[in-house]
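Undergrad: Make a model of this:
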Amino acid sequence: MKNEKIRSGDKVLLFGKRSYIAEAGKEFHCQYGKTDLKKLLDRNYGAKIKTHLGEEFVALKPTLVDLLKKARRGPQVILPRDAAQILAVSGAGKDSVVVDAGSGSGFLAIFLANFVKKVFTYESRKEFFSIAKHNIRFCGMRNIEIKNRDASKGFAEKNADLVTLDMEEPGKAIANAHKTLKSGGWLAVYSPTIEHVSAACVQIRKSGFTEPRVLETAQREWRVNLIDNKSRSRPRSGGIFTGFLVFARKV
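TA: Numbering: from 1, shown residues only. Just a heads-up that it's a prediction; the model follows:
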């Protein structure tokens, strides 16, 4: 398989001492100098380019994770490890339709859209709606429809495969989620505190779902050092808590 050529307007990841997302064909400025990215056109990804100060970058094709790292931040976002857990438990895939609320900065909707057929995402606050809409365009996602609407007032979609809720009061949307899901569809509620989890579980039981399942996904990075040709490994830090995921299924 041939290497892909860099075309005008393509986003490129300039990988070096620091990484930047830039647009091929334009002039790029950073703390390491400026460079004309027209020099990348029609070259393969993996090409090297230098700034006028002599700093070298490798031009890579950015992945979705690269783009999300450079996207705008508004409210707290759901991290990839929790988003991936939602996919793992629900089994959502290339033919799945997902309804998401609230959008926040759009990170969960964007992450899921990379794996599923279609995502409808709801955000009631205009400032967050604007951030999420920008991030959806920035990441080039064409299978997301974002709505500036309150999910507690109902969803327009029917027969969804998965509903995700990341809201201050998710209990107000759980009954609506049950209505919009197909039989066998999954509900995933992200909750920052155990009190939110308890409240969500009460509403889940009232709304006719299966018994809720509560998960916490912990992740810890390790540093592997080589001292006198011997490995000395230590964790970089303690496991950082993000939140709880509550899962239930409509039957």
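
Undergrad: Residue 130: which element?
TA: Using DSSP states H and E, residue 130 maps to helix 126-138.

Undergrad: Helix, strand, or coil at residue 233?
TA: Here residue 233 is recorded as strand under DSSP: H, G, I helix; E, B strand; the rest coil.

Undergrad: Verify the stated contact: it with residue 220.
TA: No. Contact criterion C-beta atoms under 8 Å: residue 233 and residue 220 do not qualify, at 11.9 Å. Where C-beta positions appear, they are placed from N, C-alpha and C, glycine not excepted.

Undergrad: Which elements pack onto the helix holding residue 130?
TA: Contacts defined by 3 or more C-beta pairs under 8 Å, 6 or more residues apart in numbering; DSSP states H and E place helix 126-138 against helix 107-113, strand 144-147.

Undergrad: Tabulate those in JSON lines, adding columns for mean pLDDT and mean neighbour count.
TA: Formatted as JSON lines, the helices and strands packed on helix 126-138 follow (pLDDT from 0 to 100; neighbours: other C-beta atoms under 10 Å):
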{"stretch": "helix 107-113", "mean pLDDT": "98", "mean neighbour count": "27"}
{"stretch": "strand 144-147", "mean pLDDT": "98", "mean neighbour count": "18"}
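
Undergrad: Residue 164: which of these is closest?
TA: helix 107-113 (6.2 Å; C-beta to C-beta).

Undergrad: so what does that closest one touch, helix or strand wise?
TA: So helix 107-113, by 3+ C-beta pairs under 8 Å, 6+ apart, packs with helix 64-69, helix 80-90, strand 97-101, strand 118-122, helix 126-138, strand 144-147, strand 160-165.

Undergrad: Can you say which of these is packed in most?
TA: strand 97-101 (a mean of 27; mean count of other C-beta atoms under 10 Å).

Undergrad: Listing partners with orientation, what would you give for it?
TA: Here strand 97-101 has these sheet partners by DSSP bridges: strand 118-122 (parallel), strand 160-165 (parallel).

Undergrad: export these to JSON lines and tack on distance to residue 13 and mean pLDDT?
TA: Below are those laid out as JSON lines (distance: least, C-beta to C-beta, whole Å; pLDDT from 0 to 100):
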{"stretch": "strand 118-122", "distance to residue 13": "24", "mean pLDDT": "98"}
{"stretch": "strand 160-165", "distance to residue 13": "28", "mean pLDDT": "98"}
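
Undergrad: Which of those strands sits closest to residue 82?
TA: Comparing those against residue 82 with C-beta to C-beta, the closest turns out to be strand 160-165 (10.3 Å).

Undergrad: so after that closest one, what's the next helix or strand?
TA: Heading C-terminal from strand 160-165 (DSSP H and E), you reach helix 171-180.

Undergrad: Report the inter-axis angle for that next one versus strand 160-165.
TA: Orientation note: helix 171-180 sits at an angle of 180 degrees relative to strand 160-165 (axes from the mean of the first three to the mean of the last three C-alpha atoms, to 10 degrees).

Undergrad: on that earlier part again, outside of the helix holding residue 130, which residues touch it?
TA: Here helix 126-138 makes contact (C-beta atoms under 8 Å, 6 or more residues apart in numbering) with 67-68, 70-75, 102-107, 109-110, 121, 123, 144, 146, 148.

Undergrad: Return the distance of that helix from the chain's centre.
TA: For helix 126-138, the distance from its own C-alpha centre to the chain's C-alpha centre is 13 Å (C-alpha atoms, centre = their mean, to the nearest Å).

Undergrad: residue ranges with poor pLDDT in this protein?
TA: The model of the chain has pLDDT under 70 over residues 1-2, 238-239.

Undergrad: Break it into its domains for me.
TA: As assigned by automatic domain parsing, the chain contains the domains 11-62, 69-220+226-249.
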